[in-house]
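A.B. asks: Kindly return the folded structure for what I paste below:
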Amino acid sequence: MDENTFTENFNNQGWPSKTFLCYMVERLDGDTEILLDEYKGFVRNKGRDQPGEPCHAELYFLEQIRSWNLDRNQRYRLTCFISWTPCYNCAQKLTTFLEENRHISLHIFASRIYSVNDSGCHRSGLRALQERAGITIMTSEDFERCWVTFVDHKEKPFQPWEGLVVKSQELCDELQAILRVRVSPDQGWDPCPLPWKAVC
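C.D. replies: Below you'll find the model as predicted:
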């Protein structure tokens, strides 16, 4: 990914019409995490302005995972950096995939929260997905990790844009409110119940 594509699509104060999803895969062997470089890359959605049927980036990502035929006798962790959180439909499809493939875990680091024209359905989709996956708003450190791992930066260091930290915290608070569920009265409210919490 080139620098301009990253900045245009991952700047958390922008409103791009595209979605980019960067992914990496680790095989878990006891306490050892083995990065599988052959399964590292990125996909983007196909919009209505492009030939063929529109398709969200998450669905392309699921196609990629299925094509790898990851060994069911091994354990894998998938890490995604995505410019928008999944819509309701994509969240449902990711949840179903993870339920059917218990040897794979997923953690999503999102730049922004998608909430366009779905009457709030994205909230229930994200709540269902968090039962199977980690969902986190990207911090400055996460943007830097994405930059270092996926961007053709030509040895340039990541330069945080003005307002990144403040916007990231606002979005983190919003995500925690979305994922908040009711627990027993004596416990009150838990913003992000185990096993995953929206950590910012």
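
A.B. asks: And Gly163, what's its pLDDT?
C.D. replies: Gly163 carries a pLDDT score of 96 in this model.

A.B. asks: ok, it touching Gln13?
C.D. replies: Yes. Counting by Cβ atoms under 8 Å, Gln13 is a contact partner of Gly163 at 5.8 Å. (Glycine included, C-beta is placed from N, CA and C.)

A.B. asks: Next, the residues that contact whatever helix or strand Glu26 lives in from outside, please.
C.D. replies: Taking DSSP states H and E as the criterion, Glu26 maps to strand 20-29. Strand 20-29 is contacted by residues 1, 5, 9-10, 33-36, 39-44, 57-58, 60-61, 64, 68, 70, 74-83, 146, 149-150 when judged by Cβ atoms under 8 Å, 6 or more residues apart in numbering.

A.B. asks: what packs against whichever helix or strand comes after that strand?
C.D. replies: Downstream of strand 20-29, the first helix or strand assigned by DSSP H and E is strand 32-35. Packed against strand 32-35 by the contact rule (3 or more Cβ pairs under 8 Å, 6 or more residues apart in numbering; DSSP states H and E) you find strand 20-29.

A.B. asks: Adjacent strands (with direction) for the strand it packs on?
C.D. replies: Paired with strand 20-29 in the same sheet, following DSSP bridges, are strand 32-35 (antiparallel), strand 41-44 (antiparallel), strand 75-82 (antiparallel).

A.B. asks: Most tightly packed of the ones you listed?
C.D. replies: Ranked by mean neighbour count, the strands paired with strand 20-29 are led by strand 75-82 with a mean of 21 (mean count of other Cβ atoms under 10 Å).

A.B. asks: ends of stretch 79-87, how far apart?
C.D. replies: 18 Å (Cα to Cα, to the nearest Å).

A.B. asks: chain center to it, what's the gap?
C.D. replies: Relative to the chain's own centre, stretch 79-87 is displaced by 3 Å; criterion: Cα atoms, centre = their mean, to the nearest Å.

A.B. asks: How about stretch 31-38?
C.D. replies: Distance, stretch centre to chain centre, for stretch 31-38: 19 Å (Cα atoms, centre = their mean).
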